[in-house]
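# What follows is a protein structure lacking sequence information:
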């Protein structure tokens with residue numbers, strides 16, 4: 001089973017920024033972050049422990065949105081309201 005492919009492209013004190021790699025060269029068969037949000041949050045929890053940061057992702061159309069979670073599980077999608085780090 002294919003899962004979403006993403007890369008962490010930035011991090012601030014309160015947010016983790018990831019880029020969805022779905023459809024990019026070498027990732028043509030990957031699910032999108034949007035379609036595999038539960039798994040993405042589970043994977044980040046495995047990497048970071050309980051998440052205490054927002055998870056902001058750039059979707060396949062270039063839009064930045066938030067994967068809302070409670071620190072343990074994915075809950076919903078939200079509009080990202082904030083500033084992107086300068087290096088993104």
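Good, I have the coordinates. Keep in mind the model is a prediction, meaning the values are calculated, not measured. Numbers count the residues shown, from 1 in each chain.

# which residues touch residue 79?
Listed by CB atoms under 8 Å, 6 or more residues apart in numbering, the contact partners of residue 79 are 65-66. The way it works is simple: take the backbone N, C-alpha and C, and place the C-beta from them, glycine included.

# Can you check the pLDDT for it?
The model reports residue 79 with a pLDDT of 94.

# same thing with residue 76?
In this model, residue 76 carries a pLDDT of 97.

# so it touches residue 65, yeah?
No - the pair residue 76 / residue 65 is not scored as a contact, 10.6 Å apart, by CB atoms under 8 Å.

# When those two are compared, which one has more neighbours?
Between residue 76 and residue 65, counting by other CB atoms under 10 Å, residue 65 is the more crowded of the two (16 against 9).

# Three-state assignment for that one, please.
What DSSP: H, G, I helix; E, B strand; the rest coil gives for residue 65 is strand.

# Tell me, how many residues neighbour the spatially closest residue to it that is not a sequence neighbour?
Using CB to CB, 6 or more residues apart in numbering and skipping the chain neighbours, the partner closest in space to residue 65 is residue 80 (5.4 Å). Counted by other CB under 10 Å, the residues lying close to residue 80 total 18.

# who are the neighbours in contact with residue 80?
56, 64-66.

# For my notes, confirm residue 77 occurs in a strand.
Yes - Residue 77 sits within a strand when classified using three-state DSSP.

# OK, contacts around it?
Shown in contact with residue 77 (CB under 8 Å, 6+ apart): 34, 37, 65-68.

# in the sheet, who's paired with it?
residue 67 (DSSP bridges).

# Please tell me how far it sits from residue 6.
Residue 77 sits 15 Å away from residue 6, going by CB to CB, to the nearest Å.

# same thing with residue 44?
According to CB to CB, residue 44 and residue 6 sit 9 Å apart.

# Kindly report the same for residue 43.
Counting by CB to CB - residue 43 and residue 6 are separated by 9 Å.
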